[in-house]
Each structure stands twice: as C-alpha cells, then as structure tokens.
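In: need coordinates for the below:
(chains A, B and C)
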Amino acid sequence: MMNTLLAFYHQLLARYGPQGWWPLLSHPGASSTPNSIRGIYHPGHYDLPSTREQRFEICIGAILTQNTAWRSVEKALINLLQIKALHPEGLDALNETQLKEAIRPSGYFNQKAIKIRSFTAFFLALEERTPSREELLALWGIGPETADSMLLYAFKVPTFVVDAYTRRVLSSTGWISGTESYDSIKNLFEKQLPHDLALFQEYHALFVEHAKQECTSHDRR
DNA sequence: TTCCAGGCAATAC
DNA sequence: GTATTGCATGGA
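Out: Modelled structure (predicted):
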C-alpha cells in the first residue's frame, strides 16, 4: 500500500525545498528569509543547535510563540539577546520588570514570564540531559506542542509536532475533520513515517510554509 | 474597527 | 470527557 503521508512530504519538499528550521538569531554562514526579521534559517543542515545557548534559545522561542506570530516572538528574543539574557544564567538573573519588559512584544507577557522562569530553572537543573516528554508536560505552561517542538528542534528527538498549520493543511485535504485530538494526529504520522529527525523537522516546517501559501485566513472562514 | 497569530490552563457543563 | 474563556501585543 502506498504511504500517503510520505508521498505528500516528498511533494511539499519538491515544491518548497528544505526550510531550515528552527530559526536561530545567529549562526555562521546561513541565510535569512522574508518570514523573519533577523532570525537565521539553515536549510539542509540538521547539526544545529550545536551549543547549550542555541538549545535554550529554541526552547524560549517555543514558549514565546504560543498563539503568537513569529515576527513578534523575534522582537522579544532580540530584546533578550540585547540584555544578555538569551542564555539560562542571564535569563535567571533578570528581575520581573526586566523580563516582562523584554518579552512584552510577544503578548501574554505576564503568563509567559512565569512559564519562562519555571522552564529556565528546569533547564538549569537538566545539565545537558535530554528531558522526557512527560517531564516537559509536567511544567506549568508547557503543553503538547511546545514540548514536542522543544524535543524535535532543541533536543533532536524525532517526535512529530502538530500545530495550527498542520491542522489547517490536513483539514484542507480532508484528511482530518478538525475534532481529532493532538495525540491522535501525532500518532497518525508517527505510525506511518520512519522516525527520522530530518524528516520530522522538515515535514513540520513544510506544513507551515504550505499553509502560509495555500491556506490563508481569507480562504479559511 | 475587527480579526488573527507556530497554545495553554482554568473553569463550566 | 468536551466546550468555553482569559491571557496581550502587533500587524493586516
């Protein structure tokens, strides 16, 4: 039997090319895209993040982007970078006012300040260890998508991420009705696809690009 | 002005 | 268990 989901992946990849997620604010020898103010994508490379700081940056971005446009998240990340708080020790040293002021552009800043605080304490205690999904989900403010994004892009665990774009594309193809749970959609992909890091990273990024090109808010309604 | 954006937790039923 | 609501800023 033909694997529909794998075939669809190859279609998207042929059409859009490798996306190079997750965007980082800086890394040598890569190019930026119009989706970003100054975040750097690294298409075709799966070695990043290569440092503890980059891993932390991705995790903080995953929290900040909850129901928020990436453009707004980048403003917050740039603010944190400028006050030398885009690494765990620097973040931990901020007071409440400094933290909230820095992340204000990304919205929900009171809640996100608490989420970032508790996650930073958790990250410091990790000491380079890769956390389990259950550990992440136990943290206040970390739900399934945020946990999976951290695992897939920061910790390089081949786990499938489901987000609003994924649901939008799958709804438009008629492959889901819209009421399916997060885990049921996740399991659909993880059962049909080989658990490969590059594949899972690219597939999610390609869903985002395809949704942005073909499933605009105007079309949805 | 209104609607929406790479969710999540708390609450209501 | 599923449905609704608050959270907040910035851009279209």
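
In: let me see the contact set for the closest residue to DNA strand B within chain A.
Out: DNA strand B sits closest to A:Gly143 of chain A, with a gap of 2.2 Å, by C-beta to the nearest atom of the strand. All C-beta spots, glycine's among them, are computed from the backbone N, C-alpha and C. A:Gly143 makes contact with A:Leu137 under the criterion C-beta atoms under 8 Å, 6 or more residues apart in numbering.

In: ok but A:Ser149 is inside a helix, no?
Out: Yes: assessed by DSSP: H, G, I helix; E, B strand; the rest coil, A:Ser149 belongs to a helix.

In: from A:Glu135, how far out is it?
Out: Here the criterion is C-beta to C-beta, to the nearest Å. By it, A:Ser149 lies 15 Å from A:Glu135.

In: and A:Ser26, by the same measure?
Out: Separation of A:Ser26 from A:Glu135 (C-beta to C-beta): 29 Å.

In: which phi and psi does A:Thr130 have?
Out: Torsion angles at A:Thr130 (phi, psi; degrees, to the nearest 10) stand at phi -90, psi 120.

In: count the neighbours of A:Val161 for me.
Out: 28 (other C-beta atoms under 10 Å).

In: next: the one 5 residues further on.
Out: As a burial measure, the neighbour count of A:Thr166 was computed by other C-beta under 10 Å and equals 23.

In: what strand or helix carries the closest residue in space to it that isn't next to it in sequence?
Out: Counting by C-beta to C-beta, 6 or more residues apart in numbering, A:Thr166 lies nearest to A:Phe207, which is 4.8 Å off, once chain neighbours are set aside. According to DSSP states H and E, A:Phe207 maps onto helix A:197-214.
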